[in-house]
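Colleague: give the three-dimensional model of this entry:
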Amino acid sequence: SVEAEPMNLPHLFLADLPPEAVLTPNLVRDACIAIKRNRATWLAARPTQELVELLAYAAERWLQPDNGFRLLALRQAPTELGIGAATLSRGLDGFLRQLTVEGLHALLLQDLGDTRRLDEFCGTPGELRQGRTALARGPELLAHFAAGNLPNSSLMSLVLGVLTKSAQFFKLSARSSLVPRLFAHSLADLEPKLARCLEMATWPGGTVGLEDALLQQADTVVVLGSDDTVSAVRSRVGSHARFLGYGHRLSFGFVGSDVLSGYMARKIAARAAADVTAWNQLGCLSPHVIYVEE
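Modeller: Sure thing, here's the model as predicted:
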């Protein structure tokens, strides 16, 4: 099984191919067409609750210390990312613990107002009082230009794309490709048809031929990276597609005076230390300064 022999992952995605494999614009275009077709066949009409349960179960398996995908990630990804295994383990666990059925329901409720909104016309109590209902539809093909520093942003993008029942093509950074690939493989291990709605590839940023082939097929483009990367991709996205860019971020913390006493002060200090050390200060939520109210 994949769990027993994690080194022998099947070549499900373009990113799994050996380094000597040559990507071409036609190969990228054909992959986009294939995953859009597979989405229409298998994913578009899938009940949201089934997808929620699938994602929650995949996260639960990753949290097990002996999970093969997790073990491979902790063994190989630190070298790729340039961080320690303990830092990676803690960062992944913090993310994965949020992927419960309850947590995913809360996310859907927060963003869409009703957990059924992606399946059928429905309304919140306020909408129903006004005689209104609505149906939400995800993009047919999401093109992700993933960040190169940390894996969690790619994992969150993947989760959101599954929930919105979208075909997804990830242009991964060579510096941060292993963990997203392994998570996608773990989903495929649970539901092989889902893998046919996903594609992942790596190439040097700014490879115009490959990127234009992807941009022409996508109807939503999400870019996470430097401001220069966001601007460069934005300038080439046509009017047919929606663009979402997430560039450089700096974060700070704030501690109110009402928690600066006794046990709470020690607890807040511990939380601040955890926030500062998480991801070696590379996360967009890594605080670079903490303001404390006197």
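Colleague: give the buried residues for stretch 167-179.
Modeller: Taking 16 or more other C-beta atoms under 10 Å as the neighbour-count basis, stretch 167-179 is seen to contain the buried residues 167, 168, 169, 170, 171, 172, 173, 176, 177, 178, 179. (C-beta placed from N, C-alpha, C; glycine too.)
Colleague: out of these, which one has the lowest pLDDT?
Modeller: The lowest pLDDT within the buried residues of stretch 167-179 belongs to residue 176, which sits at 87.
Colleague: what helix or strand does that one sit in?
Modeller: With elements taken from DSSP states H and E, nothing contains residue 176; it lies in neither a helix nor a strand.
Colleague: spit out the contact partners of the closest residue in space to it that isn't next to it in sequence.
Modeller: Spatially, and ignoring its direct neighbours in sequence, residue 176 is nearest to residue 148 (5.1 Å; C-beta to C-beta, 6 or more residues apart in numbering). Residues counted as contacts of residue 148 (C-beta atoms under 8 Å, 6 or more residues apart in numbering) are 173, 174, 175, 176, 225.
Colleague: need the strands for the stretch 1-150 of the chain, in chain order.
Modeller: Under the criterion DSSP state E, counting those that start in this stretch, the stretch 1-150 of the chain carries strands at the ranges 141-145.
Colleague: what bits of the stretch 51-200 of the chain have low per-residue confidence?
Modeller: Scanning the stretch 51-200 of the chain for pLDDT under 70 picks out no residues.
Colleague: dump the residue contacts of the spatially closest residue to residue 114 that is not a sequence neighbour.
Modeller: Excluding the flanking residues, the one nearest residue 114 by C-beta to C-beta, 6+ apart is residue 122, at 4.8 Å. Contacts for residue 122 (C-beta under 8 Å, 6+ apart) come out as 114, 116, 133, 134, 135.
Colleague: ok, now how distant is residue 122 from residue 112?
Modeller: As for residue 122, its distance to residue 112 is 9 Å (criterion: C-beta to C-beta, to the nearest Å).
Colleague: cool, and residue 264?
Modeller: Residue 264 sits at a distance of 35 Å from residue 112 (criterion: C-beta to C-beta).
Colleague: who has more neighbours, the two?
Modeller: Taking residue 264 and residue 112 together and counting by other C-beta atoms under 10 Å, residue 112 has the greater number of neighbours (19 against 11).
Colleague: enumerate every residue touching the closest residue to that one other than its chain neighbours.
Modeller: Once its chain neighbours are removed from consideration, residue 112 has its nearest residue in residue 136; the separation is 5.3 Å (C-beta to C-beta, 6+ apart). Residues in contact with residue 136, defined by C-beta under 8 Å, 6+ apart, are 112, 117, 118, 164.
Colleague: going by distance to residue 219, which of these wins?
Modeller: Each of those was checked against residue 219 using C-beta to C-beta; the closest is residue 164, at 12.0 Å.
Colleague: torsion angles phi and psi at the closest one?
Modeller: phi -90, psi 0 (degrees, to the nearest 10).
Colleague: and what of residue 222?
Modeller: Phi and psi for residue 222, reported as degrees, to the nearest 10, are phi -120, psi 130.
Colleague: that one and residue 215, how far apart?
Modeller: Counting by C-beta to C-beta, the gap between residue 222 and residue 215 amounts to 12 Å.
Colleague: what touches both of the two?
Modeller: Taking C-beta under 8 Å, 6+ apart as the contact rule, the neighbours common to residue 222 and residue 215 are residue 143.
Colleague: I'd say residue 157 and residue 220 touch.
Modeller: No: the pair formed by residue 157 and residue 220 falls short of the contact definition of C-beta atoms under 8 Å, at 11.0 Å.
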